[in-house]
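**Q** need a 3D model of the sequence below.
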Amino acid sequence: MGPVRARSAAEHLEVVALEVARLAAALVGEASDSPMATGTKSSPTDVVTATDLHSERLIRDELLSRCPGSKIVGEEFDDTPGTNTVGWVVDPLDGTVNFLYTIPVVSVSIAATLQGVTVAGAVVDVVHGES
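**A** This is a model prediction of the structure:
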């Protein structure tokens, strides 16, 4: 057996993105029985649910726990400025309108950047658990 190869930074970020996206997808899936709009953003059809907010909070907490000092850009909260070269772009509930109307096309999406360049990402289908 050959030597164990250390993970590159991009590979590490991909693992983190997938693990965190799966956690958030489980949260969204558990909430799918009682979706409720709590407000709107840019237009009356750009709705926000409590699940959007809870999912993004979970994602932000997990990403900062696993990669302290990261910059985070999400949909529901203000950007978190970073203190290192790692960044995250988060869609905590992609398909909110589908979620509200129980159309089974909903996902959680997380992309990772290094020095502003996208290097990894994960998308998890909430309904089917596929990534």
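
**Q** quick one: name whatever helix or strand follows the helix or strand of the chain with the lowest mean pLDDT.
**A** Using mean pLDDT, DSSP states H and E, strand 37-40 stands out as the lowest-scoring helix or strand of the chain, at a mean of 64. Using DSSP states H and E, the helix or strand that directly follows strand 37-40 along the chain is strand 47-49.

**Q** partner strands of that following strand, with direction?
**A** With DSSP bridges as the test, strand 47-49 is paired with strand 37-40 (antiparallel).

**Q** ok, the closest residue to residue 67 other than its chain neighbours - contacts?
**A** Leaving out its chain neighbours, the residue that sits closest to residue 67 by C-beta to C-beta, 6 or more residues apart in numbering is residue 86, at 5.3 Å. No exception for glycine: its C-beta is placed from N, CA and C like everyone else's. By C-beta atoms under 8 Å, 6 or more residues apart in numbering, the contact set of residue 86 is 13, 67, 69, 70, 71, 112, 113, 114.

**Q** okay, strands next: where are they in the chain?
**A** 37-40, 47-49, 71-73, 86-94, 107-114, 117-125 (DSSP state E).

**Q** packing partners for the longest helix out of those in the chain?
**A** Longest helix of the chain, by residue count under DSSP state H: helix 9-31. For helix 9-31, the elements it packs on are helix 50-66, strand 86-94, strand 107-114, strand 117-125, judged by 3 or more C-beta pairs under 8 Å, 6 or more residues apart in numbering; DSSP states H and E.

**Q** just put these in JSON lines and tack on distance to residue 80 and mean pLDDT.
**A** JSON lines is the format used below for these (distance: least, C-beta to C-beta, whole Å; pLDDT from 0 to 100):
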{"stretch": "helix 50-66", "distance to residue 80": "7", "mean pLDDT": "96"}
{"stretch": "strand 86-94", "distance to residue 80": "9", "mean pLDDT": "97"}
{"stretch": "strand 107-114", "distance to residue 80": "13", "mean pLDDT": "97"}
{"stretch": "strand 117-125", "distance to residue 80": "18", "mean pLDDT": "97"}
